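Chemist: what would the 3D arrangement of this be:
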Amino acid sequence: MTFITQRGGPPPMGGLSQEAEIGELEALVSGVNQISQSTLLLKKKKEMHEVDDSLDFMKGEYKTRMEACDERQREFERRQSEMKEQVTKFEKFIQENDSKRQRAEVKLKQEKKFLHAKRLEFTKAQTDLDAAEQVRVHMHSAKTRSFFCSPSRTH
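Modeler: So this is what the prediction gives:
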């Protein structure tokens, strides 16, 4: 038996011609190519299976991350809703306080006006009282003088 790479040399021992031997070798080489192609196909299938497994793993991770993102989004929206409610309550509280403050200011102005009017009334009443007291004192002194100075009085 000779190798394809061998050139010339003694004739084959089995009595086969060189062409027959080449045909036999080509059949072997083609069989090796067949095995080689089958092996390559199996390797490619294995690689494809590994890529599919990797892709499935990545899809699982992506799904997990997306679920976590969705959960965070729902939590964010819930907190945002709570904050909006708190802002609404706070704005209502501020409006109520402003309303109470305005009512208190109006009441304070009314009470100051009322107090001023009462002070004026008191001052007028005090002035009237002082005047009446002066009239009384004046009348009392005139009465007393007329009592002591009257001619009808006998000692």
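Chemist: and the residue most central in space within the chain, what element?
Modeler: Central residue of the chain (CA atoms, centre = their mean): residue 80, 4.0 Å from the mean position. Element membership of residue 80, judged by DSSP states H and E, is helix 18-149.
Chemist: and that helix, what does it pack against?
Modeler: Packed against helix 18-149 by the contact rule (3 or more CB pairs under 8 Å, 6 or more residues apart in numbering; DSSP states H and E) you find no helix or strand. In short, each C-beta sits where N, CA and C put it, glycine included.
Chemist: can you tell me the average pLDDT over it?
Modeler: Averaged over helix 18-149, pLDDT sits at 91.
Chemist: that one: how far from the chain's middle?
Modeler: Its chain's C-alpha centre and that of helix 18-149 lie 7 Å apart, by CA atoms, centre = their mean, to the nearest Å.
Chemist: roughly how far does residue 88 sit from residue 82?
Modeler: Distance of residue 88 to residue 82, computed by CB to CB, to the nearest Å: 11 Å.
Chemist: correction: the previous question concerned residue 26.
Modeler: 82 Å.
Chemist: do residue 146 as well
Modeler: As for residue 146, its distance to residue 82 is 93 Å (criterion: CB to CB).
Chemist: count of residues packed around residue 21?
Modeler: 17 (other CB atoms under 10 Å).
Chemist: got the CA coordinates for stretch 69-89 in PDB?
Modeler: This file holds the C-alpha atoms of stretch 69-89, laid out as PDB (Å, rounded to 0.1, in the frame of the first residue of the first chain):
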ATOM      1  CA  CYS A  69     -38.200  46.900  37.000                       C
ATOM      2  CA  ASP A  70     -42.000  46.500  36.800                       C
ATOM      3  CA  GLU A  71     -42.100  46.000  40.600                       C
ATOM      4  CA  ARG A  72     -40.000  49.100  41.100                       C
ATOM      5  CA  GLN A  73     -42.200  51.000  38.700                       C
ATOM      6  CA  ARG A  74     -45.300  50.000  40.600                       C
ATOM      7  CA  GLU A  75     -43.600  50.900  43.900                       C
ATOM      8  CA  PHE A  76     -42.600  54.300  42.400                       C
ATOM      9  CA  GLU A  77     -46.100  55.000  41.200                       C
ATOM     10  CA  ARG A  78     -47.600  54.000  44.600                       C
ATOM     11  CA  ARG A  79     -45.200  56.300  46.400                       C
ATOM     12  CA  GLN A  80     -45.900  59.100  43.900                       C
ATOM     13  CA  SER A  81     -49.600  58.600  44.500                       C
ATOM     14  CA  GLU A  82     -49.100  58.800  48.300                       C
ATOM     15  CA  MET A  83     -47.000  62.000  47.900                       C
ATOM     16  CA  LYS A  84     -49.800  63.500  45.700                       C
ATOM     17  CA  GLU A  85     -52.300  62.700  48.400                       C
ATOM     18  CA  GLN A  86     -50.000  64.200  51.100                       C
ATOM     19  CA  VAL A  87     -49.600  67.400  48.900                       C
ATOM     20  CA  THR A  88     -53.300  67.600  48.400                       C
ATOM     21  CA  LYS A  89     -53.900  67.200  52.200                       C
END
